[in-house]
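Asker: Predicted model follows, preceded by the sequence.
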Amino acid sequence: MSDIFGRRELLFISLFLFTLGTLVCCLAQDFTQLLTGRSIKGVGGGGILVMVQIIFSDIVPLRYRAKWFGFIQIGWAVGSITGPLIGGLFTQNTTWRWVFYLNFPFCAIGLVIIPLVVKIQNKNKLSFRENIFRVDWFGGALFIGSTTSFLMALTWGGVEFPWSSFHTLTPLVIGLVGIFTTLAWEQWAAKKPLIRLFVINSRSAVGAHLGAMIQGLVVSLMNHSNILED
């Protein structure tokens with residue numbers, strides 16, 4: 001999307017969605033409203049994480065990228081440790097809404113700074129209408145739908161329903177078929193693929209993706225274990 005519409009524009013939209021989702025969470029009066037706000041906030045937060053890494057890759061040469069990205073990871077590590085502690089203190093002593101109120105100063109700073117600081121110009125000179133038709137909407141919908149179905153099955157299996165239940169097997173099979181269909185579409189049918197398959201054309205890239213997957217599985221198992229203990 002940022003290749004088509006521009007880095008700065010997508011980063012600003014992501015931060016706007018994050019801010020909007022935070023506001024919805026602050027004003028939520030029931031769980032449905034809170035879940036809606038968290039969903040919007042999650043879309044914006046995911047966009048921020050991805051766009052920061054893309055812009056980082058644009059401006060930092062490859063030979064220096066590991067070192068400077070390490071500094072970013074230090075901030076992430078400190079935040080991951082102190083964030084729950086600070087959030088827990090606010091929740092225990094004031095109101096849980098302060099967990100979201102804390103975001104607003106940073107959101108405001110970001111909304112002001114992004115237009116002023118991010119100077120990466122979009123080389124795409126096509127009109128907005130032309131760009132809309134360049135987006136791989138079908139591939140995106142297919143990928144999101146199939147991965148959601150697959151993850152629902154993994155979440156339900158052995159918890160909500162038995163692994164042998166059709167409630168688990170049906171979304172699992174649909175998700176797997178959808179994922180392979182997505183790969184085929186991206187490889188042979190999409191004019192501007194949402195998923196560039198060349199990112200897994202080297203052993204280094206495959207190793208990095210496998211490492212990230214294993215890390216995600218370990219974190220998920222730890223969280224699942226903590227939930228069961230609680």
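Answerer: Structure received.

Asker: Find the centremost residue of the chain, please.
Answerer: Gly46 (2.9 Å; C-alpha atoms, centre = their mean).

Asker: Just want the phi and psi numbers for the closest residue to it other than its chain neighbours.
Answerer: In space, and not counting its chain neighbours, Gly46 is closest to Ser14: 7.7 Å by C-beta to C-beta, 6 or more residues apart in numbering. Placement of C-beta: from N, CA and C, glycine included. Backbone torsions for Ser14, taken as degrees, to the nearest 10, come to phi -60, psi -40.

Asker: For Pro115, see how far away Ser14 is.
Answerer: Note on Ser14: its distance to Pro115, by C-beta to C-beta, to the nearest Å, is 14 Å.

Asker: So which of those two has more stuff around it?
Answerer: Ser14 (24 against 12; other C-beta atoms under 10 Å).

Asker: Point out where this protein drops to low pLDDT.
Answerer: 223-230 (pLDDT under 70).

Asker: List the buried residues in the longest helix seen in it.
Answerer: The residue-count maximum for a helix in the chain (DSSP state H) belongs to helix 62-93. Neighbour-count burial for helix 62-93 flags Phe90 (criterion: 16 or more other C-beta atoms under 10 Å).

Asker: for it, the distance to its chain's centre please.
Answerer: 17 Å (C-alpha atoms, centre = their mean, to the nearest Å).

Asker: didn't Leu20 look like it was pressed against Gly45?
Answerer: No. Counting by C-beta atoms under 8 Å, Leu20 stays clear of Gly45, with 11.6 Å between them.

Asker: Give the residues shared as contacts by these two.
Answerer: In terms of C-beta atoms under 8 Å, 6 or more residues apart in numbering, Leu20 and Gly45 are not both contacted by any residue.

Asker: Who are the contact partners of Ser149?
Answerer: Pro171, Leu172, Ile174, Gly175, Gly178.

Asker: Equivalent analysis for His209, please.
Answerer: Contacts of His209 by C-beta under 8 Å, 6+ apart are Ile200.

Asker: What is the burial count for Leu35?
Answerer: There are 13 residues near Leu35, going by other C-beta under 10 Å.

Asker: quick one: it and Cys25, what's the gap?
Answerer: 9 Å.

Asker: Ok, Ile13 next?
Answerer: For Ile13 relative to Cys25 (C-beta to C-beta), the value is 19 Å.
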